[in-house]
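Asks: Return a 3D structure for these sequence lines:
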Amino acid sequence: MTTQTLTAGAAQIRGWVLQDETLVRAVASGRRRGDRAPAWRRVELRYVDLKAGRHLHVTSYDATQAHTSNHRLGAPAVAALADLLAEPFGTWHVETTTATHQVRITKKGRVLVHSSAAPDRAPERVHDRAKQRLLPESDPVLVALGISAGTGSVRASAQAKYRQVEDLLRILDSTLTDAWSAGQLRRPTPEEPLRIADLGCGNAALTFAAHRFLTAERGLPVRLIGVDVKRQSFEHNTRLAGELEIDAEFKVGTIADVELDPAPEVVLALHACDTATDEALARAAGWGAAVVLAAPCCHHDIAAQLRRADPPAPYSLLIRDGILRERFADTMTDALRAGLLRGQGYRVDVMEFVESKHTPRNTLIRAVRTGTPTTGRHLRSEYDDLAGLWGITPRLAALLHS
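Replies: Predicted structure coming up:
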């Protein structure tokens, strides 16, 4: 690792990004401590070949959507990059055809650069959105999962599942990239692959796809462990992993009781039912997992507590009708889960997983461990006041404090 001035660090990033023949992609994200928030939450850069020639393609993400722009080589691309380098991003992640560069800017304006060799990889220059799939429709894993037919196209009945796969991979890819850039997650090696645990894995379709993407598309060594109470899931997943030659192990057991040694660095809990999500979040926090992605399913526990409790005035209308009580319970449960995880040292976002037209259970809790618990009196007071006002005790609170 090298340490540089802010000016020298910006010049080095500029040198990597403006090499259109070797840049694979660059990602800027995060907020520099002690500075204003950048204009964008995240920015991705790569080169595309258009009819008018090669352009620097920039995708900028705000809180709700992505904005794209293309800039011709030369002065337009240089100016676009200069504007981005002027933003107070906390990290830059730059991939070239032969190396990966992690850049982090400290509160004092020092630039920490860690560079490592990477296998030769070819940049993707295609601009056609139809070809910008993170996992191609013809991928053998998708065929084995029954999402794609043998002809290499997604089955009509599996379009929603394929959309879930793509959305999960985008979120996972950006989350891991940001965690690596910020030094919050260890870079895996063949000797010590990235350890991913899928808790309540079921038939593990999304997780098999994630493993395939990280290994085949990103070139990362990954070790997958799946846990489920159903032996049928164990047998199905073990057989499929063998057929696909995936480095994976599956266990029969409950989330609360399973023992994993060494502990996983990434924990997934995708559509675990009711308090199984709480168990997964508690185990992840107990292991000190660097990244947690949880897509809750049903929220029966808090809904049942709300039925038994006397609603505080003047909020009785919120839970008088069953459908409203159910939706309110969903929101309450995940808001309290996010607050509890922040108290455990995680940066938490509650976000849309996939469009609601594809699945009604489309909320995702994304947590990245910073190592610094948010223990301020204001946050704790907010949590205590909210739970106390409604007379509820989240299962996650009981698990974390047991």
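Asks: CA atoms for contacts and neighbours, from now on please.
Replies: Will do.
Asks: Closest to the centroid, which residue in the chain?
Replies: A centroid search over the chain (CA atoms, centre = their mean) returns Leu172, at 3.4 Å, as the residue closest to the centre.
Asks: Phi first, then psi, for it.
Replies: Backbone geometry at Leu172, expressed as degrees, to the nearest 10, gives phi -60, psi -40.
Asks: And it, how close does it get to Leu214?
Replies: 9 Å (CA to CA, to the nearest Å).
Asks: about what we covered before: do you know the pLDDT at the residue nearest to the centre of the chain?
Replies: On pLDDT, Leu172 comes in at 93.
Asks: give me the low-pLDDT residue ranges for this protein?
Replies: In the predicted model, the chain carries pLDDT under 70 at residues 63-64, 119-120, 127-132, 354-361, 373-379.
Asks: Could you chop it up by domain?
Replies: 2-117, 134-400 (automatic domain parsing).
Asks: So what would you say the end-to-end distance of the shortest one is?
Replies: So the one you mean is domain 2-117. Start-to-end span of domain 2-117 (CA to CA) is 15 Å.
Asks: what's the burial count for the spatially closest residue to Gly371 that is not a sequence neighbour?
Replies: The spatially closest residue to Gly371, leaving aside those adjacent along the chain, is Gly345, at 5.0 Å (CA to CA, 6 or more residues apart in numbering). By the measure other CA atoms under 10 Å, the count of residues near Gly345 is 19.
Asks: so Gly345 touches Arg369, yeah?
Replies: Yes - assessed by CA atoms under 8 Å, Gly345 is found in contact with Arg369 at 5.8 Å.
Asks: which residues are common contacts for those two?
Replies: Counting by CA atoms under 8 Å, 6 or more residues apart in numbering, Gly345 and Arg369 have no shared contacts at all.
Asks: Asp349 sits in which helix or strand?
Replies: Using DSSP states H and E, Asp349 maps to strand 346-352.
Asks: ok, and what's touching that strand?
Replies: With contact meaning CA under 8 Å, 6+ apart, strand 346-352 is reached by 334-335, 338, 341-342, 362-374.
Asks: Name the residues of stretch 211-225 that are buried.
Replies: Of the residues in stretch 211-225, 211-214, 220-225 count as buried by neighbour count, 16 or more other CA atoms under 10 Å.
Asks: Among those residues, which ones are in strands?
Replies: Counting by DSSP state E, those place 222-225 in strands.
Asks: closest to Glu124 among those residues?
Replies: Glu124 lies nearest to Val222 out of these, by CA to CA, at 23.1 Å.
Asks: how close does the closest residue to Ala205 other than its chain neighbours sit to Leu240?
Replies: Among residues not flanking Ala205 along the chain, Leu145 sits closest, at 6.4 Å (CA to CA, 6+ apart). Leu145 sits at a distance of 9 Å from Leu240 (criterion: CA to CA).
Asks: Then His57?
Replies: 38 Å.
Asks: and what of Gly90?
Replies: Distance, Gly90 to Leu240, using CA to CA: 41 Å.
Asks: For those two, work out which one has more neighbours and name it.
Replies: Set Gly90 next to Leu240 and count neighbours by other CA under 10 Å: Gly90 wins out with 24 against 18.
Asks: Wasn't the more buried one part of a helix?
Replies: No - the assignment for Gly90, made by DSSP: H, G, I helix; E, B strand; the rest coil, is strand rather than a helix.
Asks: ok, back up a step: phi, psi of the residue nearest to Gly371?
Replies: Here Gly345 shows phi and psi, under degrees, to the nearest 10, equal to phi 100, psi 30.
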